[in-house]
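Participant: sequence unknown, structure follows:
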């Protein structure tokens, strides 16, 4: 049997490039192609890089001749950042997914789709189950913009897989990732001089270590299952404990003042806390990873607590009170 | 006698054998000067605090980081103060444990003295039949519910922790709305409360834990004082379904005394709508005294755990049998209602 042929969207991101590097080394994968507007920083070997915008319908013409059997959709932006407004994020996420699916209609060789989605679809709710399992997406109304985007993306892929019963479609629902080489909303938050928290709230947070996040993606590509799969480290950590473990001090802000205070801090250079991240800071979220362990066959090596501890170790110089002596 | 500024109280003269019996009479009783006993006093001795500061300063000058210098300074404190201090320091560094539900056993131990005070002195709880609670394996405690804050849940937990031969912390299901509240949500979570979702209960029971539920829910806490100890409808019997699905025995629990802690005289629906609460109570003290109005009245309590009702023999498919669910639910409710009445009689007057 010939090796598998894979297309990775969003190959310019750290996770996309990491996945391409892993698959290139794997002899089971005959051909690896990557699609993005920006090219990966690290040099890749035999990966064929295609420079194109996923929002552009021209990708249909670029994808068809690749004759891929597996598509990894990794171009889902989780946080607005520098050079990525909330509107552009929505376009890349929703319109990009639509264009990709339209292109796949013209690529009959595809058998497997793996989407690196988000557990943000569950939202963060005070009355939520402490551990969402994959069937619990409809328990609460969709509140934030990102949550609605994720729900829309899932909807497109669900419809697609209903219409194409021979294509197996895996929707990985990632909890926020943390890791020394990542720049995510969580790592930005934990790098603040003081981490704003909601006064009187100490929710449970669940994270995934970047290494486990990549390994889970590889595992899902190698062993695809149908439907949604939660991806997270085992267990949860209280927000206050997370902040303190990271060597930071929490800065409790009363609920009604949280918005004004963070937008003031934003003018002073702090990165924006998105709406769903703010809800996460208030109510937290945990997911059940039984399906990941038992069906995909991947058990994350780092628990949530380990991931935070390791991250804080790699950030040397981050201590609870380094400046005391320096100021004296 | 002149207080020793360095807190290193010398042993009383009586401790040495050479002193004559005459001088021992002038010395205050020996216990008053025992160094260990002094350490337990409300304020740490001034001398210890001074040497703490000195060591801290020395540590910082020697180039240690603040946490290390603090730890070094703590060695000058009396033993118990040192213990408390180190505990606080550890918590500040985030090195404490929580389980996946957010239950923080250390926190539970820290608030134990407060709960113990409420249990022994404030409400003078008398618990009966704690041995009816299985000491291992899954079980569902079903209790009547009253009071706007889940004090009854904490007292049930305290009764089990203090009087059960093999104590374990029960996990309790709390009305979702409590998790909207600052502090309340945090404390409830750390003490083992989870949102009242059947998924939570199933997972907890699947982990062979002790789970407490209050099927009356907001109907129980929100009823007027004149309806006290009249059990409300038990929801739709969801708790029986949980027990049947997991084969957990049901232990009916009757709590007497919780109805008097916040006697509800009326309510303000408009205010409830503004704050998003299920109801906004008016009691003799709330909201007139502000936060002080949340201090519960010192009624006298009795908690009785009845014999467990076994559910495993019906099998998990019993959960789909509505007739069975209603029958069991009614049986549990009837048991609790009868036990509540019996304990009301045995308790006598509500406050003294």
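Facilitator: Yep, that arrived. For clarity, every value in this text was computed on a predicted model and none was experimentally measured.
Participant: Burial check on the residue of the stretch 151-300 of chain A found nearest chain B, number of neighbours?
Facilitator: Chain B sits closest to residue A:200 of the stretch 151-300 of chain A, with a gap of 2.4 Å, by CB to the nearest CB. To be clear about C-beta, it is placed using only N, CA and C from the backbone, and glycine gets the same treatment. When neighbours are defined as other CB atoms under 10 Å in any protein chain shown, residue A:200 has 15 of them.
Participant: do residue A:141 as well
Facilitator: 9.
Participant: Give me the distance between it and chain B.
Facilitator: Separation of residue A:141 from chain B (CB to the nearest CB, to the nearest Å): 14 Å.
Participant: Name the SS class of that residue, please.
Facilitator: Classification of residue A:141 using DSSP: H, G, I helix; E, B strand; the rest coil returns coil.
Participant: Quick check: it vs residue B:310, distance?
Facilitator: Per CB to CB, to the nearest Å, residue A:141 is found 40 Å from residue B:310.
Participant: Please apply the same query to residue A:31.
Facilitator: 62 Å.
Participant: Am I right that residue A:234 falls within a helix?
Facilitator: No. Residue A:234 is assigned coil when assessed by three-state DSSP, not a helix.
Participant: show me what contacts it?
Facilitator: By CB atoms under 8 Å, 6 or more residues apart in numbering or on different chains, residue A:234 lies in contact with A:289, A:300, A:303-304, B:100.
Participant: what about residue A:18, which SS state?
Facilitator: Going by three-state DSSP: residue A:18 is helix.
Participant: That one contacts residue A:216, correct?
Facilitator: No. Judged on CB atoms under 8 Å, residue A:18 makes no contact with residue A:216 at a distance of 11.8 Å.
Participant: Which residues belonging to the strand or helix carrying residue B:112 are considered buried?
Facilitator: Assigned by DSSP states H and E, residue B:112 falls within helix B:105-117. Buried positions in helix B:105-117, judged by neighbour count with 16 or more other CB atoms under 10 Å in any protein chain shown: B:107-108, B:115.
Participant: Which of those residues sits closest to chain A?
Facilitator: Nearest to chain A out of these is residue B:107 (CB to the nearest CB; 9.8 Å).
Participant: and the gap between that closest one and residue B:114?
Facilitator: For residue B:107, the distance to residue B:114 - CB to CB - is 12 Å.
Participant: Kindly report the same for residue B:176.
Facilitator: 25 Å.
Participant: now swap in residue B:61 and tell me
Facilitator: Per CB to CB, residue B:61 is found 40 Å from residue B:114.
Participant: Quick one: name the residues of the stretch 151-300 of chain A near chain B.
Facilitator: Applying CB under 8 Å from any CB of the partner chain, one finds that the stretch 151-300 of chain A approaches chain B through A:198-202, A:204, A:234-238, A:240-246, A:255, A:283, A:286, A:288.
Participant: Low-confidence stretches in the chain?
Facilitator: All of this refers to chain A. Scanning chain A for pLDDT under 70 picks out the ranges A:1, A:42, A:81-83, A:316-328.
Participant: if you could check chain B rather than the one you did, that'd help
Facilitator: Short version for chain B, where the test is pLDDT under 70: B:1-45, B:67.
Participant: can you give me the helices for chain B?
Facilitator: Ranges of helices in chain B, per DSSP state H, are B:21-24, B:30-33, B:35-39, B:46-61, B:66-74, B:79-92, B:105-117, B:151-163, B:184-190, B:198-206, B:218-221, B:238-246, B:269-275, B:322-347.
Participant: Pull up the gap between the nearest residue to residue A:275 once chain neighbours are set aside and chain B, please.
Facilitator: Spatial nearest neighbour of residue A:275, chain neighbours left out: residue A:144 (4.1 Å); criterion: CB to CB, 6 or more residues apart in numbering or on different chains. As defined by CB to the nearest CB, residue A:144 lies at a distance of 17 Å from chain B.
Participant: Next up, the contacts around residue A:144.
Facilitator: Here residue A:144 is in contact with A:120, A:123, A:274-276, A:279 (CB under 8 Å, 6+ apart).
Participant: and with 10 Å instead?
Facilitator: Neighbouring residues of residue A:144 by CB atoms under 10 Å, 6 or more residues apart in numbering or on different chains: A:120, A:123-124, A:150, A:274-280.
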